[in-house]
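>>> model the following, please.
(chains A and B)
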Amino acid sequence: MDLQYVRKLVKLLSESAVDEIEIEEEGTKIRVARNSHGIQVVPAAAYPQVIPQVPASQGMAPTAPPQGVAPSAPPATPEAPPPGLHEIKSPIVGTFYRSPAPDAASFVQVGSVIRPGTVLCIVEAMKLMNEIEADVAGKIVRIMVENGQPVEYDQTLFLVEKA
Amino acid sequence: MFKKVLIANRGEIALRIIRVCKQLGIKTVAVYSQADRDSLHVRFADEAVCIGPPPARESYLKVPRIIAAAEITGADAIHPGYGFLAENAPFAEICTTSGIKFIGPTPEMISAMGDKSVAKETMRKAGVPVVPGSESIVRTPDEAREISRAIGYPVIIKASAGGGGRGMRIVREEAELENSYRTAQHEAEQGFSNPDVYIEKYIEQPRHVEIQVFGDEHGNVMHFGERDCSVQRRHQKLIEESPSPVVDDDLRARMGEAALKGCHAVNYVNAGTIEFLVDRDGNFYFMEMNTRIQVEHPVTEQVTGHDLIKLQLRVAGGERLPRKKIVQRGHAIECRINAEDPAADFRPSPGRITDFHMPGGFGVRVDTHAYAGYTVPPYYDSLTAKLVAFAQTREGAINKMAGALEEFVIEGIRTTIPFHRQVMQDERFRSGKFDTSFLETFRFEPPGE
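Below you'll find the predicted structure:
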């Protein structure tokens, strides 16, 4: 996703009477939408500061062991999910949010029925809200990260029982 | 000074930067692709963020993910290392607009020196000797003839859109010129969809001598002497040394002065290297400027006693350059130990290292991210270790290097260690009288197994 491209789209939207632009090409989809209060690109600060000072061993999947320890075993791999459950992973690096705005309802809960294209959450990066969509149909069994938690590439966000 | 630095790189240079940050009390964030999960830079950083699958363009070159990683960890500066995004002006720009300090020069300096003809013109105007040549595209055979007469044969016709040693024709006398000119245009059209060519003086068997420069944010610039990087294979450096066997005090002073003129012309900030070609008569010509720290910076460090990565961080933090005069002492040589098979045309040899033992001792330095059990991934460059030997004299450094190479054990993959061992015994190399054509005639003898 080319940042300059995204910026151009935002500019295009703000300078026109169009409410929403959605473009899909070569496997990438982007949607830029205007809400009733004008273009909303919610800055991270608007969210409750739930971003804990998470030490690396907790917040991120396999990372550095405590300092001063000579390298021995490689970083522990995350435990495999229960068999049969599908993992939905983050395609980008950023901050995970359950809802489109601080005071809005969450996109999904445990038990929510989803299908391909259902928006599950937002991962915010560089002041841009990226909606993460489901790639399967099924039911949310577990939400793996907390609201406001930083996530890295390929980190598991949701466990889904496929339909 | 920064509180937390994100290293936008991998391998030995990422580890190098993390080490310096530790010394300065700065916290570190490593970013890594899935192929580098077990890498040392990930282990030794305070925090680490996975930024993508193995391919570089899906990870180490993914600007939004790197910036996002800096944001979620609260890093206040990014060190780009070398390669990857180190000379990517838009990346430097995005760091700045995101409120993150880019440890290096400004986007404008990166752009200016990134365009080879703009860089050359900038240097020429600043009074830095450049390779004589046409000032722009040569449009007709008559123009080609006129320019070649003015420059003097031999000349080289180069495709404007070419690069990496491609799209070049050497012309030794006027009788060949018109044919070569037309052929060069045709080849350029075929190879790069652009028939534009320009003409330069062809420097025969040059040496590659570069000057390490530094600028601070207070307008000061300085240089740390030269490195000779003439031992190259297909324009890739394999062995570097400082000082250069062909640079005496006078030439060093003149090249240093030229390099500083170039820096002043762009108000250069942070680390940089100005590369020159030196011909057989001791004339030097600007070739290009690299606006980053280079792989071979350790030889300059050994000879001048300055930690250049630490200086990069200090300068980026607003400190002034050291005022004391730089003194070169002794001689340092670096051998790039790559995961390549010298007996098979240097074919890449990734894979799992089963046994690993580094040499050591007084004046032996190894910069590496490898260890026993480490798997060299196939997705990135093959540099596995940098072995640096330092002694009072060049001969001493060569002998020390030869001994260190003998001790260096890397098993499970092929490396260029056997190749370096043979070069250290080579008469021409030992004499110091060689140029960039050295490896064209050097014969590697595969050791009996």
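>>> what segments of the stretch 301-449 of chain B are helices?
Taking DSSP state H, counting those that start in this stretch as the test, the helices found in the stretch 301-449 of chain B are B:308-316, B:394-407, B:417-425, B:427-431, B:438-441.
>>> mind listing what's buried along stretch B:418-430?
The neighbour-count check on stretch B:418-430 (16 or more other CB atoms under 10 Å in any protein chain shown) flags B:418-424, B:429-430 as buried. In short, each C-beta sits where N, CA and C put it, glycine included.
>>> quick check: the farthest pair among these?
Pairwise distances across these (CB to CB) peak at 17.6 Å, for the pair B:418 and B:430.
>>> pLDDT on stretch A:22-38, on average?
Per-residue pLDDT over stretch A:22-38 has a mean of 66.
>>> nope, stretch B:152-170 is what I was after
Averaged over stretch B:152-170, pLDDT sits at 80.
>>> measure stretch B:191-198 end to end?
Counting by CA to CA, to the nearest Å, you get 16 Å between the two ends of stretch B:191-198.
>>> run the chain-centre distance for it.
Centroid separation between stretch B:191-198 and its chain, computed with CA atoms, centre = their mean, to the nearest Å, is 27 Å.
>>> try stretch B:54-71
The answer for stretch B:54-71 is 23 Å, by CA atoms, centre = their mean.
>>> how close does residue B:5 get to residue B:237?
According to CB to CB, to the nearest Å, residue B:5 and residue B:237 sit 27 Å apart.
>>> kindly state the pLDDT recorded for residue 45?
Just so you know, I chose chain A. The model reports residue A:45 with a pLDDT of 32.
>>> hmm, no, I was thinking of chain B.
Note for residue B:45: predicted pLDDT of 98.
>>> what's the neighbour count on it?
Residue B:45 has 30 neighbours, counted by other CB atoms under 10 Å in any protein chain shown.
>>> thinking it is in contact with residue B:28, fair?
Yes. With contact defined as CB atoms under 8 Å, residue B:45 counts as touching residue B:28 (4.3 Å).
>>> overlap in contacts of these two?
Listed as contacting both residue B:45 and residue B:28 by CB atoms under 8 Å, 6 or more residues apart in numbering or on different chains are B:7, B:18.
>>> so residue B:156 is in which element?
strand B:155-163 (DSSP states H and E).
>>> which residues touch residue B:35?
By CB under 8 Å, 6+ apart, the residues touching residue B:35 are B:53-54, B:377, B:379-380.
>>> could you pick out the buried ones from the residues you listed?
Listed as buried from these are B:377, B:379-380; burial here means 16+ other CB under 10 Å.
>>> closest to chain A among the residues you listed?
Closest approach between the buried ones among the contacts of residue B:35 and chain A, by CB to the nearest CB: residue B:377, at 14.1 Å.
>>> so what's the closest one closest to, chain neighbours aside?
Excluding its sequence neighbours, the residue lying closest to residue B:377 (CB to CB, 6 or more residues apart in numbering or on different chains) is residue B:35, at 4.3 Å.
>>> got it, and residue B:310?
Spatial nearest neighbour of residue B:310, excluding adjacent residues (CB to CB, 6+ apart): residue B:20 at 5.0 Å.
>>> over to residue B:416?
For residue B:416, ignoring the flanking residues on the chain, the nearest one in space by CB to CB, 6+ apart is residue B:338 at 4.9 Å.
>>> pretty sure residue B:240 contacts residue B:299?
Yes. With contact defined as CB under 8 Å, residue B:240 counts as touching residue B:299 (5.5 Å).
>>> common neighbours of these two, please.
With CB under 8 Å, 6+ apart as the test, residue B:240 and residue B:299 both reach B:227, B:333-334.
>>> in strands, which of those appear?
In this view, the shared contacts of residue B:240 and residue B:299 that belong to strands under DSSP state E are B:227, B:333-334.
>>> just give me the closest of those to chain A.
residue B:334 (24.8 Å).
>>> what's across from the closest one in the sheet?
Residue B:334 forms beta bridges with residue B:240, residue B:388, as assigned by DSSP bridges.
>>> ok, now which ones touch it?
Counted by CB under 8 Å, 6+ apart, residue B:334 has contacts B:239-241, B:296, B:298-299, B:386-388.
>>> make CSV out of the residues you listed and add neighbour count.
Shown next, in CSV, are the contacts of residue B:334 (neighbours: other CB atoms under 10 Å in any protein chain shown):
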residue, neighbour count
B:239, 24
B:240, 28
B:241, 28
B:296, 25
B:298, 25
B:299, 29
B:386, 22
B:387, 24
B:388, 24
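>>> can I get these in a markdown table with pLDDT and distance to residue B:189?
Formatted as a markdown table, the contacts of residue B:334 follow (pLDDT from 0 to 100; distance: CB to CB, whole Å):
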| residue | pLDDT | distance to residue B:189 |
| --- | --- | --- |
| B:239 | 98 | 37 |
| B:240 | 98 | 37 |
| B:241 | 98 | 41 |
| B:296 | 98 | 37 |
| B:298 | 98 | 43 |
| B:299 | 98 | 42 |
| B:386 | 98 | 41 |
| B:387 | 98 | 44 |
| B:388 | 98 | 45 |
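>>> ok, so of those residues, who is nearest residue B:356?
Looking across these and measuring by CB to CB, the closest to residue B:356 is residue B:387, at 13.0 Å.
>>> surely that closest one meets residue B:335?
Yes. If you go by CB under 8 Å, residue B:387 and residue B:335 touch, sitting 4.8 Å apart.
>>> what about the residue of the stretch 201-350 of chain B found nearest chain A, how many neighbours?
Nearest residue of the stretch 201-350 of chain B to chain A, counting by CB to the nearest CB: residue B:350, 17.8 Å away. Applying other CB under 10 Å, we find 16 other residues in the vicinity of residue B:350.
>>> same thing with residue B:196?
Around residue B:196 there are 17 other residues, counting by other CB under 10 Å.
>>> okay, how far is it across stretch A:129-141, tip to tip?
For stretch A:129-141, the first-to-last residue distance is 24 Å (CA to CA).
>>> how about that stretch: buried residues?
Quick answer for stretch A:129-141 (16+ other CB under 10 Å): A:129-130, A:132-134, A:138, A:140-141.
>>> and which of the residues you listed is nearest chain B?
Comparing those against chain B with CB to the nearest CB picks out residue A:130 as the nearest, at 9.3 Å.
>>> got the CA coordinates for the helix ranked longest in chain A in CSV?
With residue count as the measure and DSSP state H as the assignment, chain A has helix A:3-14 as its longest helix. Provided in CSV are the C-alpha atoms of helix A:3-14 (Å, rounded to 0.1, in the frame of the first residue of the first chain):
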residue,chain,number,x,y,z
LEU,A,3,1.3,5.9,1.3
GLN,A,4,1.5,8.7,-1.3
TYR,A,5,-1.4,7.0,-3.1
VAL,A,6,-3.5,6.9,0.0
ARG,A,7,-2.7,10.6,0.7
LYS,A,8,-3.8,11.5,-2.8
LEU,A,9,-7.1,9.6,-2.3
VAL,A,10,-7.8,11.4,1.0
LYS,A,11,-7.1,14.7,-0.8
LEU,A,12,-9.3,13.8,-3.7
LEU,A,13,-12.1,13.0,-1.3
SER,A,14,-11.8,16.1,0.7
